[in-house]
Structures are given as structure tokens and as C-alpha cells.
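Chemist: The following block contains a protein sequence and its predicted model.
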Amino acid sequence: MPQRSEDKMEQATLKPAKELAETYRKRPLPGESAAYTQARTELLQAEIEARRVITRLAEQRQALPQGPLVQKDYRFRDASGKEVGLIDLFGDHDTLITYFWMYGPERERPCPMCTNWLGGVNGNAADVKQRAAFKILGRSPVARQQAFGAERGWRDLDFVQTVGDDYARDHEGLDDEGYEYPIFAVYRRDGDKVCYFLVGEMPSEAADPGQDPRGAVDIAPLWNLLDMTPEGRGTDWYPKLSY
């Protein structure tokens, strides 16, 4: 893809990452060795470069052309028990963020990974909802989803039940054998119609060796925090509902 002119202008005005890293690392930690200084300076340079890539990635994402029109009349049931359409989930916003979690009526307990992600998101949900509508979709009745949320201490997540399985099946959240998968989707309102803006697409076939499929940037707080540790996120550990 040709580089956009604004990207070239930005690169011309930014200081080199190496220069920034070396300037900052003139203030080393007390007692650090020369080897640590060099390695940390090189790492800081790489972190600055990665941050700039992430910024360009966000700009590329935000510059997507209008996505396809949502043509099917997907139905949902909100916390009041009222059946609504997708456009009704926007409220006063023009953008709707949704996460379909793995907590169908046949599951005794929800998916631990979905639960972990929602736990982290709950802490920011009130802020997110100042900028966009944010709904958690599930195949279980809203009251059942809310009960589990209350158990976890979630206060700011708005749960919605999908009516029927068309939404889950059409977006690969439910297969023919009844297995569920998470769906992250962002929508934009266009008058009285709804268009897709972004649907998370990171198939297992796209995963690098030794890694689970994950998007860029990984939006799970757990994994980002563990990536800051010497041991990293590991390859054989996953969160549980209880310990």
C-alpha cells in the first residue's frame, strides 16, 4: 500500500527514535550496569518505534472507507426485556462497540478468557460510554448475564441478549456443533441504517508459531501487563474463573 503523504510529513518532523532513547537514558536507574544501560536504551528505541507503528495503525484503521451495510434485521433483548434492533443499541451515539462473549444458555459458567477481558474492560466502561455506545452481547438472558456480572463486581457493563442465533452464526460466534467464539465488532450509524466499521479478524491460521491468535494491538489488559514481566505471558497458562 503506498505510504500516505501525511505519513511522510510526520516522519520528516519526528526526531529519530535512537536520538530520543539516548537522550532519555542519560538519566539511568541508580546502580544499573553498563550492559543494562545499553540494552535498556536499545529497548527504549524499539518501544518508541513500535509506538509510532501503533499510531499509524490506528490512523489507518480510522481512515477505513465506509463499511458494508448491515442488511439483516438482527434482534436483541435489552435489560428492560424489550426486543430491539441493532440501531437501537446506539442510544445517542453514532458509534457502537460490541463484544459477544461466550456465555450461551448451555454453558454452566462463562468462558474464563471472556470473563477476564470483560473484567478489565469494566473498569473503563463508564469512560468509553462517554464517547461511544458499548454493549456486551450474549446468548443467555440478560438477567443471567447480569447475575454473573454482579458476582464479579462489574458495575458499568450493559448486557444485551441476542434473540435467536443469526447474529452469532453470521459473525462466526457459533458453529454447527454449538461451540461459541467471541466477536468484537464496531458499527457506525448512517442515518437510519447501520454499517460495519470494524470486525475483529485474526484467525488461528494467522497466529505466529507458539502464540494464540491475537490482534494488533492486543486489547486485553492481562496480557499487556504480563508482557512487561521477565516471564512474559507464557504458552501454557490461561486465567480461570476462580483460584
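Modeler: The structure has been received and is ready for your questions. Numbering: from 1, shown residues only.
Chemist: is it true that Ala21 touches Ala39?
Modeler: No - contact criterion C-beta atoms under 8 Å: Ala21 and Ala39 do not qualify, at 11.5 Å. For every residue, glycine as well, the C-beta is placed using N, CA and C.
Chemist: So which of those two has more stuff around it?
Modeler: For Ala21 versus Ala39, neighbours defined as other C-beta atoms under 10 Å are more numerous around Ala21 (19 against 12).
Chemist: what about that one, which SS state?
Modeler: For Ala21, the secondary-structure state derived from DSSP: H, G, I helix; E, B strand; the rest coil is helix.
Chemist: just the strands in this structure please.
Modeler: 75-77, 83-85, 95-100, 133-138, 159-162, 183-190, 193-199 (DSSP state E).
Chemist: Tell me which of the ones you listed sits nearest to Leu29.
Modeler: When the strands of the chain are compared by C-beta to C-beta, strand 183-190 sits nearest Leu29, at 38.0 Å.
Chemist: Off-centre distance for the closest one?
Modeler: Distance of strand 183-190 from the chain centroid (C-alpha atoms, centre = their mean, to the nearest Å) equals 13 Å.
Chemist: C-alpha coordinates for it, CSV please?
Modeler: C-alpha atoms of strand 183-190 as CSV (Å, rounded to 0.1, in the frame of the first residue of the first chain):
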residue,chain,number,x,y,z
ILE,A,183,-16.9,-11.4,18.4
PHE,A,184,-15.6,-7.9,18.7
ALA,A,185,-17.4,-5.6,16.3
VAL,A,186,-17.7,-1.8,15.9
TYR,A,187,-20.6,-0.2,14.0
ARG,A,188,-21.4,3.2,12.6
ARG,A,189,-24.8,4.7,12.2
ASP,A,190,-25.6,6.2,8.8
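Chemist: what stretches of the protein score poorly on pLDDT?
Modeler: By pLDDT under 70, the weakly predicted segments of the chain are 1-12.
Chemist: most centrally placed residue in the chain?
Modeler: Taking C-alpha atoms, centre = their mean as the criterion, Ile219 is the residue nearest the geometric centre of the chain, at 4.1 Å.
Chemist: Show the contacting residues for that residue.
Modeler: By C-beta atoms under 8 Å, 6 or more residues apart in numbering, Ile219 lies in contact with 117, 184.
Chemist: Which phi and psi values does it adopt?
Modeler: phi -100, psi 10 (degrees, to the nearest 10).
Chemist: That one and Glu108: what is the separation?
Modeler: Ile219 is 27 Å from Glu108, where distance means C-beta to C-beta, to the nearest Å.
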